[in-house]
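[1] sharing a model prediction with you, sequence too.
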Amino acid sequence: MSNSPSGRPDDTRRSGAIHVTILDSNKQPLKQQALVRVTSQDTGRVYFEIARGTEAIFNGITPGKYLIEAGSAGYVAAHQQIEIPDLAHDFTETVYLPRDPAAVNLSLDEETGLPSKARKDGEKGVRALQLGNFVEARKYLEAADREYSSSSSIKFLLGYLALQQKDEDRELGYLLASTKLDPKNIQAQNLLAQLYYRRGDYAHAAQSAEVVVAHSGDSLVARRVLANSCLKVGQYEKARVNAQWLVDHGGSEDASARLILGQALAYLGNYKDAIPVLQAYLEGDPSSSVAPQVKELISNLEQNVHANAGIADPSLAAEIEAANSRVGMPLDVDTKKPTVAAGVQCPANLVQMTANPSKRLVDSVSQYSAIEHMVHENISPQGEPRNRETREYNYVVSISQPAAGMLAVQEYRNADNLNMPDNITTTGLPVLAIAFNPLFRDDFEMRCEGLGDWKGHSAWVVHFRQLDDKPSRLRSYVVNKNYYPVSLKGLAWVSADNFQIIHLETDLVKGIPEIHLNTEHTSVNYGPVQFKNQDTNLWLPTSADLYVSLGKKRFHRSETFDHFMLFATDVDQTPKLPKTESSLSPVSNSGPQPNN
């Protein structure tokens, strides 16, 4: 840390300010928000701020001694004692945070039966842990553990604390206790797998990683630990299967996965296939620290000489550090298992019947308007909501068929991107249910999971997914005038009474690395809207929640709609549309363009 006075002398001031600048160890801005706490050592008063950009400002400061603490997920927290002798100048402090090699989601999960005092102590421990105050964190978390010893979450947090304090034996004990209480505590199993791997206990590392993979098949870090560990313990076929999965589905992870895949193939005696895989690894990472060993292995295999492989993946530690990108986001639709009635068969024509209301909406409506109420919250790296904003807009939707086989849905607000929270416009809610429209239906694989329930209403649960061989026409992002189609998957709850969609959730089939889009989870509620001027009752979006991880921004946006007005196709009446660009999907503030 470094500090200095700033500003102009002013002996008449009654209070001053502390300006805290947050940078990483390379003196660069963090890629996420930081939590900063300033505590008066004289009065005990505590000030909290979230760093805006690189700076947090604390006003109302009087002379005295202060403790500054700064922390951010993925970094090791910093602490500094300062003394402000007078109010002649504001005080500045620069905090440098080194990367945390074991970043995880720090939160106290909701648990049935957790006493209020245990919860309060646990939450105090979490806040201290986020700031790197390990002594305080241990005091409160151990107190919570004494008050309620059956909490898997509290024991996990104590295990993570032990990891920070480099006490592997205590870390192991708490993580084992956490997973004994809740074998499905995936964070604990994930951390346990990494601990076993660091210790060279590859058999146990594989066991824990396998639990994580079974629960969340797209957990790249757990897959990596599993593949590497299986290779080490001689489970070559299992190593091959998981490494091949990473090559096929891991995106940027496929390069290092080829190192494990090639060795697994070699151990299985398939030298012919192992050699090009290992060569591909070298081409993808020519500067790898194990390149000489890989070249020697290839040479031996080319001569049909059996060679001991066992070359560890040097990038695994970095992959472990970068894991857990969905913190604060809802579960992916593929991990949800909606409860359905046993023995009840889905209607054979369910998809066709669900398409009829969607077609009626398109046939009946030219435009409709509503008042949109928006609540926007940024999501911290720990998954906590920050910076709550509320907005209200005049909102208009236009639905048209410009040509046979085509459908255009445009949305308008009386605001441009600069008047939207974080300068990000989000659109596309009316489009989602149109996936069931005959014009789009064949773009998706659809299957009925069974008869379920949505808030007391019987509903057929339908899973849908964009087909790989079909173009993504339903959603897209436009960034810097470049067009990025979005492939969606989702779950729809279709009313058993009238085949209307009453709830729908979607996720990305895969992210879009070109624009750093990692997550987009949408949850929409639909309901009947009775229009006063027309004898028409249509099902439209009434509320929605959107969770997005886009580059440096992670946010939750909640929207509700009321005061609907309909402009039907058979009425010579159109609303006055707001003068703003339209888009079918979220666009970033880096050069948004219309997407029509």
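    That came through fine.
[2] CA atoms for contacts and neighbours, from now on please.
    Will do.
[3] you'd agree residue 281 is up against residue 258?
    Yes - between residue 281 and residue 258 a contact is recorded at 5.5 Å, counting by C-alpha atoms under 8 Å.
[4] the two: which is more packed in?
    Neighbour tally, residue 281 and residue 258, criterion other C-alpha atoms under 10 Å: the higher count belongs to residue 258, 26 against 23.
[5] residues in contact with the more buried one?
    Applying C-alpha atoms under 8 Å, 6 or more residues apart in numbering to residue 258 gives the contacts 243-244, 247, 277-278, 280-281.
[6] please report the distance of residue 128 from residue 286.
    43 Å (C-alpha to C-alpha, to the nearest Å).
[7] could you do residue 124 as well?
    Counting by C-alpha to C-alpha, the gap from residue 124 to residue 286 is 47 Å.
[8] the more surrounded of these two?
    Per other C-alpha under 10 Å, whichever of residue 124 and residue 286 has more neighbours is residue 124, with 18 against 13.
[9] what strand or helix carries that one?
    Assigned by DSSP states H and E, residue 124 belongs to helix 116-130.
[10] pull out the buried positions in that helix.
    Going by neighbour count (16 or more other C-alpha atoms under 10 Å), the buried part of helix 116-130 is 118-119, 121-130.
[11] okay, the angle between the following helix or strand past it and helix 116-130?
    Next along the chain after helix 116-130, taking DSSP H and E as the criterion, comes helix 134-147. Orientation check (axes from the mean of the first three to the mean of the last three C-alpha atoms, to 10 degrees): helix 134-147 against helix 116-130 gives 160 degrees.
[12] helix 134-147 - contacts with which helices or strands?
    With contacts defined as 3 or more C-alpha pairs under 8 Å, 6 or more residues apart in numbering; DSSP states H and E, helix 134-147 has these neighbours: helix 116-130, helix 152-164.
[13] residue 513: which of the ones you listed is closest?
    Among the helices and strands packed on helix 134-147, the nearest to residue 513 by C-alpha to C-alpha is helix 116-130 (28.5 Å).
[14] for that closest one, list the C-alpha coordinates in PDB.
    Taking C-alpha atoms only, helix 116-130 is exported to PDB below (Å, rounded to 0.1, in the frame of the first residue of the first chain):
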ATOM      1  CA  SER A 116     -30.600 -17.200  13.700                       C
ATOM      2  CA  LYS A 117     -27.500 -16.600  16.000                       C
ATOM      3  CA  ALA A 118     -25.500 -19.200  14.000                       C
ATOM      4  CA  ARG A 119     -26.600 -17.500  10.800                       C
ATOM      5  CA  LYS A 120     -25.600 -14.000  12.100                       C
ATOM      6  CA  ASP A 121     -22.200 -15.200  13.200                       C
ATOM      7  CA  GLY A 122     -21.700 -17.100   9.900                       C
ATOM      8  CA  GLU A 123     -22.500 -13.900   7.900                       C
ATOM      9  CA  LYS A 124     -20.100 -11.900  10.000                       C
ATOM     10  CA  GLY A 125     -17.500 -14.600   9.300                       C
ATOM     11  CA  VAL A 126     -18.200 -14.400   5.600                       C
ATOM     12  CA  ARG A 127     -17.700 -10.600   5.500                       C
ATOM     13  CA  ALA A 128     -14.400 -10.900   7.400                       C
ATOM     14  CA  LEU A 129     -13.300 -13.700   5.100                       C
ATOM     15  CA  GLN A 130     -14.000 -11.600   2.000                       C
END
